[in-house]
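Undergrad: Need the 3D shape of this:
(one chain, ligands or ions: 2)
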Amino acid sequence: MNKKTIKDLAVTGKRVFTRVDFNVPRLENGEVADDAKIKAALPTITYLLEQGAAVILASHLGRPKGQVKDNLRLTAVAAKLAELLQLEVLKSDDVVGPDAERLVSSLEPGQVLLLENVRFHPGEEKNDADLAQAYARLADIFVSDAFGTAHRAHASNAGIAAYIPAVAGFLMEKEVENLSRTLHNVQKPVLAIVGGSKTADKISVVKNFLKLADTILLGGGMANTFLRATGIAMGRSLVEEDQVENAAAIMREASKRNVKISLPIDVTIASGKKDTAGAQYVAVDAVPAEQMALDIGPKTRIVYAKLIAKAKTIIWNGPLGVFEVEPFAQGTIAIAKAVAASAAFSIIGGGDVVAAVEKAGVADKISHLSTGGGATLEFWEGKELPGIAVLQDK
Ligand code: ADP
Ligand code: MG
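TA: Numbering: from 1, shown residues only. Ligands and ions are numbered 1, 2, ... in the order given. The predicted structure is shown next:
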């Protein structure tokens, strides 16, 4: 990575404003449902503490849109972090107000303070300069470890960098280095897998993968839209009609570039996501008018697994079916196992697909599970991410 990291600066005795991504899934009672994002930031936090820095952590949670929302306070997150660190974690009741200032002014080296949800402040998402300066006044150094928000230019992950030295944390470094391996000096053949439901959001990712990949396997709602573009009636399946023409254009471009786009040859259908008893396999051109394609079928799994076995680099976003419901999780599980069995360098990015691969029990056999959703996609679109661009060059 061509950006400086916390190893390139002396942090001992310094106050370090560390932007992390603690935007965790929550239970209804507000407790942390999954602490993976907190765990991912621990290497940076423990390093700073061991070096004798005073650590000020900042994160957003949910979408409070510039207002204080009691159900989006970071209290439960602070408690979870304290449990993981085995250390007291102080928490302010405001973002940069009197409580934060009071706690920061008495913060000692080796202590941790978590500021309140930065998106409670209306200036955060506007990248307001006054707010960015207020953050900077709290600290000597800015460390960015929030890869998940790196595609946004907000005050706590981009604006602040204009006022104090700004470097990357270990998670940011790991994400950038791993993701760069799929863009530069890539080991061929490259295989991309794209599934999920948000076709309109992801069509540009498929388009960019035409430049990177030798083969693209499609599944999920994404595949339905492409199948529709080949003229197949998909019954009541999730098809984004306004993306059908884009899908057709991508297939034309793929054949020009000699990129193979593989579509399902069979699917698992049912009358709806809840119709687990009605699940059955049919050929892709035999989806009845009243049924929906909710997963790739068993023949497709075999074809896809064979292509996966030939790849040297694998990039995957989006589950291949409705993995939350057992009969429609089988395609995603089979593909996760095929990717895990391959010796290729493999990266999986996207909130749902990462959850699916964890559920399949093969997460430890994947080279890199990216913590970014939108940020990972924008990286793969070839965009420069503002939260990375602001960090000091090596
Ligand atoms: P990611 O979070 O990995 O980027 P997305 O958010 O785009 O993925 O899509 C995940 C969602 O797509 C899941 O909730 C899943 O149920 C849904 N999905 C996958 N395949 C289908 C399908 N064939 N029909 C409807 N929804 C689907
Ligand atoms: Mg998702």
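Undergrad: For Glu101, which non-adjacent residue is closest in space?
TA: Leu138 (7.5 Å; CB to CB, 6 or more residues apart in numbering). Heads up, the C-betas are built off the backbone N, CA and C, glycines and all.
Undergrad: okay, that neighbour: pLDDT?
TA: With respect to pLDDT, Leu138 scores 97.
Undergrad: Next up, the contacts around it.
TA: Residues near Leu138 by CB atoms under 8 Å, 6 or more residues apart in numbering: Arg15, Phe17, Ile56, Val96, Ala100, Glu101, Val104.
Undergrad: next one: Phe170
TA: Contacts of Phe170 by CB under 8 Å, 6+ apart are Thr5, Ile6, Pro43, Thr44, Tyr47, Asp145.
Undergrad: So what's the residue count around the first one?
TA: The one in question is Thr5. Thr5: 22 surrounding residues under other CB atoms under 10 Å.
Undergrad: Next: Arg73.
TA: 18.
Undergrad: Looks like it contacts Asn117 (just checking).
TA: Yes - applying CB atoms under 8 Å, one finds Arg73 in contact with Asn117, separated by 6.4 Å.
Undergrad: Give the residues shared as contacts by those two.
TA: Leu61.
Undergrad: could you measure the residue nearest to Glu101 against ligand 1, distance?
TA: Computed as CB to the nearest ligand atom, to the nearest Å, the Leu138 to ligand 1 distance reads 34 Å.
Undergrad: Roughly how far does that residue sit from Leu103?
TA: Using CB to CB, to the nearest Å, Leu138 is found at 10 Å from Leu103.
Undergrad: What helix or strand is Thr268 located in?
TA: Element membership for Thr268 (DSSP states H and E) is strand 266-270.
Undergrad: Which single residue of the stretch 201-350 of the chain ends up nearest ligand 1?
TA: Nearest to ligand 1, among the residues of the stretch 201-350 of the chain, is Gly350, at 2.6 Å (CB to the nearest ligand atom).
Undergrad: give the contact list for that residue.
TA: So Gly350 contacts Gly196, Trp316, Asn317, Gly318, Ser370, Gly373, Thr376, Leu377 (CB under 8 Å, 6+ apart).
Undergrad: Give me the lowest-pLDDT entry from those.
TA: Across the contacts of Gly350, the smallest pLDDT goes to Gly373, namely 83.
Undergrad: Contacts only, for it.
TA: Counting by CB under 8 Å, 6+ apart, Gly373 touches Gly148, Gly349, Gly350, Gly351.
Undergrad: Surely the first one and Lys37 touch.
TA: This means Gly148. Yes - if you go by CB under 8 Å, Gly148 and Lys37 touch, sitting 7.3 Å apart.
Undergrad: Overlap of the contact sets of those two?
TA: Asp21, Asn23, Thr371.
Undergrad: Next up, the contacts around the second one.
TA: Looking back up the chat, that one is Asn23. Lys37, Ser59, His60, Leu61, Gly62, Gly148, Thr149.
Undergrad: For the second one, grab phi and psi.
TA: Same thing as Ser59. phi -150, psi 160 (degrees, to the nearest 10).
Undergrad: Would you check how far apart it and ligand 1 are?
TA: In terms of CB to the nearest ligand atom, Ser59 sits 20 Å off from ligand 1.
Undergrad: try the first one
TA: In this structure, Lys37 and ligand 1 are separated by 14 Å, where distance is defined by CB to the nearest ligand atom.
Undergrad: Also the fifth one?
TA: Counting by CB to the nearest ligand atom, the gap from Gly62 to ligand 1 is 16 Å.
Undergrad: same question, the fourth one
TA: Between Leu61 and ligand 1 the computed distance is 18 Å (CB to the nearest ligand atom).
Undergrad: how deep is that residue tucked in, by neighbour count?
TA: Neighbours of Leu61 under the rule other CB under 10 Å: 22.
Undergrad: Contacts only, for it.
TA: Phe22, Asn23, Val24, Arg26, Leu72, Arg73, Leu74, Val77, Asn117, Arg119.
Undergrad: which one of those sits closest to Asp242?
TA: Distance to Asp242, by CB to CB, is smallest for Asn23 among the contacts of Leu61, at 29.4 Å.
Undergrad: Three-state assignment for that closest one, please.
TA: With DSSP: H, G, I helix; E, B strand; the rest coil as the basis, Asn23 sits in coil.
Undergrad: circling back to that earlier point, between the contacts of Leu61, which is closest to ligand 1?
TA: Out of these, the member with the shortest distance to ligand 1 (by CB to the nearest ligand atom) is Asn23, at 13.5 Å.
Undergrad: Could you list the contact residues of the protein toward ligand 2?
TA: Gly351, Asp352 (CB under 5 Å from the ion).
Undergrad: where do the helices sit along the chain?
TA: 36-50, 75-85, 98-105, 129-137, 170-180, 199-212, 220-229, 244-257, 298-310, 330-341, 351-359, 374-380, 386-389 (DSSP state H).
Undergrad: a markdown table for the ones you listed, including distance to Leu263?
TA: Below are those laid out as a markdown table (distance: least, CB to CB, whole Å):
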| stretch | distance to Leu263 |
| --- | --- |
| helix 36-50 | 32 |
| helix 75-85 | 42 |
| helix 98-105 | 53 |
| helix 129-137 | 47 |
| helix 170-180 | 26 |
| helix 199-212 | 12 |
| helix 220-229 | 6 |
| helix 244-257 | 9 |
| helix 298-310 | 8 |
| helix 330-341 | 13 |
| helix 351-359 | 18 |
| helix 374-380 | 20 |
| helix 386-389 | 34 |
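Undergrad: Determine which stretch of these is the most buried.
TA: helix 220-229 (a mean of 26; mean count of other CB atoms under 10 Å).
Undergrad: and that one, average pLDDT?
TA: pLDDT averaged over helix 220-229 gives 96.
Undergrad: Stretch 177-194 too?
TA: On average, stretch 177-194 scores 93.
Undergrad: Just the buried residues of stretch 264-271, please?
TA: For stretch 264-271, the neighbour count (16 or more other CB atoms under 10 Å) marks Pro264, Asp266, Val267, Thr268, Ile269, Ala270, Ser271 as buried.
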